[in-house]
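1. mind folding the following:
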Amino acid sequence: MSTLDLQEQEQVDALKNWWSANGKWVVGAVVIALLGFSAVQFWKNHQSEQAGEAAKLFAEVMKQTTSNDPKRVNDAAAALVDKYGSSAYAPRAQLLAVQANLQAKDIARAKTQLQWIVEHAAEPALQDTARLKMASILLDEKKFDESLAQLNATHPEAFTGLYADLKGDVLAAQGKLVEAKAAYKEALDKIDPKSMYRNLVQLKLDGLGDVK
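-> Reported below is the predicted structural model:
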């Protein structure tokens, strides 16, 4: 590994610490921005009384996210899933509940909700979102093979940069630095050149130095 100057090393260390504390919800924010809660448009084409009721329950889930009470968020999400589990709102409600549970350190419940999304969401993008989050949690738990299994699942091109970046994190944690470097390079190739997210990936890549 090449030697970084003091300033570069401090930047890398600071980013690593920040990512460790905030990485799971950064991924969530990026993905939610990509999805744009397209459920609204979905239901415009499927007008029904049930759709309206599901929308109301989803609004309640969103309202409870501001309460900083994970039980309220979970209860609201569960009510929506129980009544309208096949709706476009249900997996989105589960994602919001996952965020609340991660912040509350209720990892087991978050993983259960993510698995539900993978198994029941009708939209591939939501399934891919759940796999990304699950892989991040498994990385934190040092379950590297399970994390890589999530990241090796087929996914749309739009997610490749995020998947490759997280795969680099897993490989780096395993000490597979050459493979990690290749994953970070793929992430840089796939992430929008104008995205600030690239800066983080570039710093992680630089931190590996000249590994062979």
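2. residue ranges of each domain in this structure, please.
-> With domains defined by automatic domain parsing, the chain comprises 1-23+142-212, 39-122.
3. which among the ones you listed is found nearest to R131?
-> Closest approach to R131 among the domains of the chain (Cβ to Cβ): domain 1-23+142-212, 4.6 Å. All C-beta spots, glycine's among them, are computed from the backbone N, C-alpha and C.
4. any idea how far that closest one is from the chain center?
-> Between the centre of domain 1-23+142-212 and the centre of its chain there are 14 Å (Cα atoms, centre = their mean, to the nearest Å).
5. what's the mean pLDDT across that domain?
-> The average pLDDT for domain 1-23+142-212 rounds to 81.
6. the strands in the protein, which residues?
-> Using DSSP state E, no strands are found in the chain.
7. now do the helices in it.
-> Secondary structure of the chain (DSSP state H): helices at 6-35, 39-44, 49-64, 70-84, 89-103, 107-120, 124-140, 144-151, 160-173, 177-190, 197-208.
8. contacts only, for L166.
-> V27, L132, A135, S136, L139, S147, L151 (Cβ atoms under 8 Å, 6 or more residues apart in numbering).
9. any idea how far E53 is from it?
-> Separation of L166 from E53 (Cβ to Cβ, to the nearest Å) stands at 36 Å.
10. cool, K105 as well?
-> K105 is 33 Å from E53, by Cβ to Cβ.
11. which of these two has more neighbours?
-> Taking neighbours as other Cβ atoms under 10 Å, K105 and E53 compare with E53 leading, 15 against 9.
12. go ahead and confirm that one touches K83.
-> Yes: contact criterion Cβ atoms under 8 Å: E53 and K83 qualify, at 7.4 Å.
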